[in-house]
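> Sequence plus the predicted model coming up.
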There are 2 protein chains.
Amino acid sequence: MRRTIGVQQVEDIALGAAVLGTGGGGDPYIGRLMATQAIQDCGPVELVTVDEMADDDWSVCIAMMGAPTVMVEKIPGGKEAEHAFRAVESYLGRPIRFLYSIEAGGINSTIPITLAAQLRMPLLDLDGMGRAFPEVQMVTHSLFGITATPFTMADEKGNSAVLSTIDNRWMETFARSIAVNMGATAHIAAYAASGKQQKEAAVLGTISLAETIGREIRAARSAHVDVVERICAVTNGFIVFHGKIVDVQRRTVAGFARGEALLEGIGEDTGQKMTIQFQNENLIAQRDGEVVVSVPDLITMVEDETGEPVTTEGLRYGYRVKVLGIPCHPHWRIPKGLEVVGPRYFGYNIDYVPVEQRVKSLSRSK
Amino acid sequence: MRRTIGVQQVEDIALGAAVLGTGGGGDPYIGRLMATQAIQDCGPVELVTVDEMADDDWSVCIAMMGAPTVMVEKIPGGKEAEHAFRAVESYLGRPIRFLYSIEAGGINSTIPITLAAQLRMPLLDLDGMGRAFPEVQMVTHSLFGITATPFTMADEKGNSAVLSTIDNRWMETFARSIAVNMGATAHIAAYAASGKQQKEAAVLGTISLAETIGREIRAARSAHVDVVERICAVTNGFIVFHGKIVDVQRRTVAGFARGEALLEGIGEDTGQKMTIQFQNENLIAQRDGEVVVSVPDLITMVEDETGEPVTTEGLRYGYRVKVLGIPCHPHWRIPKGLEVVGPRYFGYNIDYVPVEQRVKSLSRSK
């Protein structure tokens, strides 16, 4: 099925992807401006489902890698994404006909739209996470033996790298240090995948889901109906807490922004407390000491009135938020998936239990 | 002119290159074993002068990059150098007919011999320094606008990288962090150069000079004549001090092994002191506070009886050494060269004065 992404859809996708971004990915503002400009200059982007790909058609994901805080200050030069894309094509020696998003959330939901508009290429309605994660190997493609190699990187100065590694975990190591050398952010192209591979490995429908979430938020705001309930309806999510942010602690550990937010309940959660631990993305939500949502399920804070997603950088004392728990894609729930992105990978000594099971034991009604 | 490098020549080249290595490059033992093995398996290597290259013939340098101390403990897998070489060829899309050495000293004098034997390719009698230096951009090729790009790297695990940068200083930054990720050492291929470029930019004759130095040391030892005098004769060097090492200080600053050796004079230098500052290689020699040799001229310590070169890692209390000052290649003495490798680049606030002028004011006779 084919649809088009115009200026309104970019706005909806960016907003919806921020919900799926679980606090990570940074402010999507610059990315939205770039995609809007590209669409105004070159026309709308065709969004296609994976059925449009022949088994031997090839696709590649386009993204930015590095520190979100820097991404919004160091404006890209404009040609980096294309350089990275061309380098993959040249390495593989075959034409690449489709672009796709590595993750939902922040700038990476719009970077591939920008390049798709500029190169007049279709964008696939899928991604590699169904949410946002901090590391290169954390894509469902890794679970199906798809290699990140060739992994190409380009900066705004004109430097570039083509990396080839024995596994996707090594790619994270190599690419991370090059991204740092490139000034904390770089454009990348990677995870070239055939139609056959995408049908098996990708999280399908992520772009249209993001667009639906964004559109529903917009519609609910205009109609003055409960925005957060609409988000839950389209994501199969649960409201696991309603509270006010009363404390935020941040520290930098091993190159990541780790931290913890403390919330005091309001409304029907008055008298209860929630802590949310994050590492770029929100990872664990505990209610009075009991885990109610953990990675790989999604934990998203949204402003209780407007439904506006709150990123981990945006956490401030006094914000009144609802905390959502949203089931992750089934690929992440198998043992191999939990090895890559389960709570233990991030250093938390707890078992993963799907959010829909955890909320059953919650005393609060949905 | 063509000559061949057999097992005896490998030994002489490694010994002579250690004299030109000015204390850097680490222990050449493993590299010598590898080259000897390759020659025994595949036959001797042809050593050719640059006149053998047509102007549009292409050459590439092969080297190891990283921490010398690790190089002697982490034995290469055997295919890394060839991987790096093939990656340059494939990037350039043209055959490369000659190999060359990036520097004299330590393992990098023998790494290209090993690959030349294995691939049955000729080795050029030249290098990019005429000595050893610590950083990627410190080759005479940089002074003539020759780019390090494509710079390819491979490790023993099977990881690889192809880097392309806007200048050779950026290449140092990128390649250094990849080398660290590869486990502190990596095989590299870089600085592809045509025959026309080599004739203009390279330090010609370095391999045969190293071989001559090694052969002279060996001959002088057998003949029981003064070894150090023979080294000076073939390098145009000067003995600037005769002393005993009484103190060695080392510290790690910005990823480099910086340090200082203190020598107390013996023989005709009795009562005098010399300090030698090093940063991987020896950089500044001061005699009673007065600079007598500085980069880019060569400062080499050799054992006073055997003429055996002493590396900066090998410095020990009680060693009796002669300190040699050897004029560097004229390419380094022009302002552009001194910008790249002069005392100020290394953080010493002194002007460069050629060693042959400095020694004129020395009170000691040669």
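Yep, that arrived.
> Do me a favour and average the pLDDT over the host helix or strand of A:Ala14.
Assessed by DSSP states H and E, A:Ala14 sits inside helix A:7-20. Average pLDDT, helix A:7-20: 96.
> Which residues does it contact?
A:5, A:25, A:28, A:31-32, A:35-36, A:39-40, A:44, A:104-106, A:109-110, A:113, A:130-132, A:206-207, A:209-215, A:217-218, A:231, A:235, A:298, A:300, A:302, A:309, A:311, A:324, A:326 (C-beta atoms under 8 Å, 6 or more residues apart in numbering or on different chains). Every C-beta, even on glycine, is put in place using the N, C-alpha and C of the backbone.
> hey, where'd the helices end up in chain A?
A:7-20, A:29-42, A:68-71, A:80-92, A:111-119, A:140-143, A:168-181, A:195-201, A:206-223, A:227-235, A:335-341, A:355-358 (DSSP state H).
> Now the buried members of the contacts of helix A:7-20.
Buried subset of the contacts of helix A:7-20 (neighbour count, 16 or more other C-beta atoms under 10 Å in any protein chain shown): A:5, A:25, A:28, A:31-32, A:35-36, A:39, A:44, A:104-106, A:109-110, A:113, A:130-132, A:206-207, A:209-215, A:217-218, A:231, A:235, A:298, A:300, A:302, A:309, A:311, A:324, A:326.
> weakest of the helices of chain A by average pLDDT?
Of all those, the minimum mean pLDDT falls on helix A:68-71 (a mean of 64).
> and chain A, which residues reach chain B?
Contact residues, chain A versus chain B (C-beta under 8 Å from any C-beta of the partner chain): A:157-166, A:170, A:173-174, A:177-178, A:180-181.
> burial of A:Ile350, as a residue count?
Using other C-beta atoms under 10 Å in any protein chain shown, A:Ile350 has 12 other residues around it.
> One more: A:Asp167?
15.
> if we can go back for a sec, okay, the helix holding A:Ala14 in PDB with CA atoms only?
Output in PDB follows, covering the C-alpha atoms of helix A:7-20 (Å, rounded to 0.1, in the frame of the first residue of the first chain):
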ATOM      1  CA  VAL A   7       4.300  18.600   5.600                       C
ATOM      2  CA  GLN A   8       1.300  17.700   7.900                       C
ATOM      3  CA  GLN A   9       2.400  14.000   8.000                       C
ATOM      4  CA  VAL A  10       5.900  15.000   9.000                       C
ATOM      5  CA  GLU A  11       4.600  16.900  12.000                       C
ATOM      6  CA  ASP A  12       2.300  14.000  13.000                       C
ATOM      7  CA  ILE A  13       5.100  11.400  12.600                       C
ATOM      8  CA  ALA A  14       7.500  13.500  14.600                       C
ATOM      9  CA  LEU A  15       5.000  13.900  17.400                       C
ATOM     10  CA  GLY A  16       3.900  10.200  17.400                       C
ATOM     11  CA  ALA A  17       7.500   9.000  17.200                       C
ATOM     12  CA  ALA A  18       8.300  11.000  20.300                       C
ATOM     13  CA  VAL A  19       5.700   9.000  22.100                       C
ATOM     14  CA  LEU A  20       7.400   5.800  20.800                       C
END
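> Pull the distance from that helix to the chain's centre.
Relative to its parent chain, helix A:7-20 has a centroid offset of 12 Å by C-alpha atoms, centre = their mean, to the nearest Å.
> tilt between that helix and helix A:206-223?
In terms of direction (axes from the mean of the first three to the mean of the last three C-alpha atoms, to 10 degrees), helix A:7-20 departs from helix A:206-223 by 100 degrees.
> so what's A:Leu99 up against?
A:59-62, A:85, A:112, A:115-116, A:119, A:121-124.
> okay if I get the helices of chain A as JSON lines plus distance to B:Thr270?
Output for the helices of chain A, formatted as JSON lines (distance: least, C-beta to C-beta, whole Å):
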{"stretch": "helix A:7-20", "distance to B:Thr270": "77"}
{"stretch": "helix A:29-42", "distance to B:Thr270": "70"}
{"stretch": "helix A:68-71", "distance to B:Thr270": "60"}
{"stretch": "helix A:80-92", "distance to B:Thr270": "64"}
{"stretch": "helix A:111-119", "distance to B:Thr270": "71"}
{"stretch": "helix A:140-143", "distance to B:Thr270": "69"}
{"stretch": "helix A:168-181", "distance to B:Thr270": "51"}
{"stretch": "helix A:195-201", "distance to B:Thr270": "76"}
{"stretch": "helix A:206-223", "distance to B:Thr270": "80"}
{"stretch": "helix A:227-235", "distance to B:Thr270": "85"}
{"stretch": "helix A:335-341", "distance to B:Thr270": "68"}
{"stretch": "helix A:355-358", "distance to B:Thr270": "82"}
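> Out of those helices, which gets nearest to A:Leu283?
Closest of the helices of chain A to A:Leu283 is helix A:335-341, at 9.7 Å (criterion: C-beta to C-beta).
> contacts for stretch A:315-326?
A:19-20, A:228, A:231-232, A:235-248, A:261, A:263, A:266, A:274, A:276, A:285, A:292-293, A:297-305, A:310, A:355, A:358-359.
> 6 Å instead?
For stretch A:315-326, contacts defined as C-beta atoms under 6 Å, 6 or more residues apart in numbering or on different chains pick out A:228, A:235, A:237-242, A:244-245, A:248, A:261, A:293, A:297-298, A:300-304, A:310, A:355.
> Could you give me the buried positions within the helix holding A:Ala14?
Buried, per 16+ other C-beta under 10 Å, within helix A:7-20: A:9-20.
> Just read off the phi/psi values of A:Gly271.
When read as degrees, to the nearest 10, the backbone of A:Gly271 gives phi 90, psi -10.
> wait, I meant A:Asp226
phi -70, psi 110.
> circling back: what's the PyMOL line that selects buried ones from the contacts of stretch A:315-326?
To isolate the buried members of the contacts of stretch A:315-326 in PyMOL, using 16+ other C-beta under 10 Å:
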select buried, chain A and resi 228+235+237+238+239+240+241+242+244+245+248+261+293+297+298+300+301+302+304+310+355
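> pull the CA atoms of the longest strand seen in chain A into PDB?
Longest strand in chain A, counting residues (DSSP state E): strand A:238-253. Extracted in PDB, the C-alpha atoms of strand A:238-253 (Å, rounded to 0.1, in the frame of the first residue of the first chain):
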ATOM      1  CA  PHE A 238      -1.700   1.500  29.900                       C
ATOM      2  CA  ILE A 239      -1.600   4.500  32.100                       C
ATOM      3  CA  VAL A 240       0.500   3.300  35.000                       C
ATOM      4  CA  PHE A 241       0.800   6.500  37.000                       C
ATOM      5  CA  HIS A 242      -0.400  10.100  37.200                       C
ATOM      6  CA  GLY A 243       1.900  12.300  39.100                       C
ATOM      7  CA  LYS A 244       4.100  15.400  39.500                       C
ATOM      8  CA  ILE A 245       7.800  15.300  38.900                       C
ATOM      9  CA  VAL A 246       9.400  16.200  42.300                       C
ATOM     10  CA  ASP A 247      13.100  15.200  41.700                       C
ATOM     11  CA  VAL A 248      15.400  14.500  38.800                       C
ATOM     12  CA  GLN A 249      18.900  13.100  39.200                       C
ATOM     13  CA  ARG A 250      21.300  12.800  36.400                       C
ATOM     14  CA  ARG A 251      24.800  11.400  36.100                       C
ATOM     15  CA  THR A 252      27.100  10.400  33.300                       C
ATOM     16  CA  VAL A 253      28.200   6.800  33.400                       C
END
